[in-house]
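1. My questions concern the predicted model and sequence given below.
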Amino acid sequence: MSERPRIKTYMSRELITLTPDMEINRAMNLLIDNRISGAPVLDANGNLVGMLSQKDCFKAALQACYYREWGDTVADYMSDRPESLDAELDLVEAAEAFLASSFRRFPVMSEGRLVGQISRSDLLRALSGNWQ
């Protein structure tokens, strides 16, 4: 029996990343323009400090509509305790993580550093392949 494939093989490596001090409307437009449901938030040292999702952006947009102005930052809306998956995790364990979570994507870490991101779509594509 062969070893199950790892998520590092199927994750996205070219990421759109955000910073905590970025204006929320700019971050929201990056998500929209790149057709992604969320992005990792990195500090000045490249450490993962949060995730910003489209759902988080809804909160910001509603707030902006109410007050008729933008001005908040990513840090005001991001999830500051991001769940991540290890790059060596196999596809079945990753699928179980998605089933146990409402997240549409997870940052992928290796040795404490962000190395990629895997979405539900990435994982479904991987699982639909012929591997044994």
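-> It's in.

2. can you map out the helices along this structure?
-> With helices called from DSSP state H, the chain shows them at 24-33, 54-67, 91-99, 120-128.

3. buried set for the first one?
-> If I follow you right, that is helix 24-33. For helix 24-33, the neighbour count (16 or more other CB atoms under 10 Å) marks Ile24, Ala27, Met28, Leu30, Leu31 as buried. Backbone N, C-alpha and C define where each C-beta goes, glycine included.

4. Of these, just say which sits nearest to Ile7.
-> Leu31 (22.0 Å; CB to CB).

5. I figured that closest one hits Ser37, correct?
-> Yes. Counting by CB atoms under 8 Å, Leu31 does reach Ser37; the two are 7.2 Å apart.

6. what sits in contact with each of these two?
-> Jointly contacting Leu31 and Ser37 under the rule CB atoms under 8 Å, 6 or more residues apart in numbering are Gln54.

7. what about Ala39, distance to Arg4?
-> 28 Å (CB to CB, to the nearest Å).

8. Please say which of the two ends up with more neighbours.
-> Ala39 (24 against 13; other CB atoms under 10 Å).

9. Specify the beta-bridge partners of the more buried one.
-> Leu52 (DSSP bridges).
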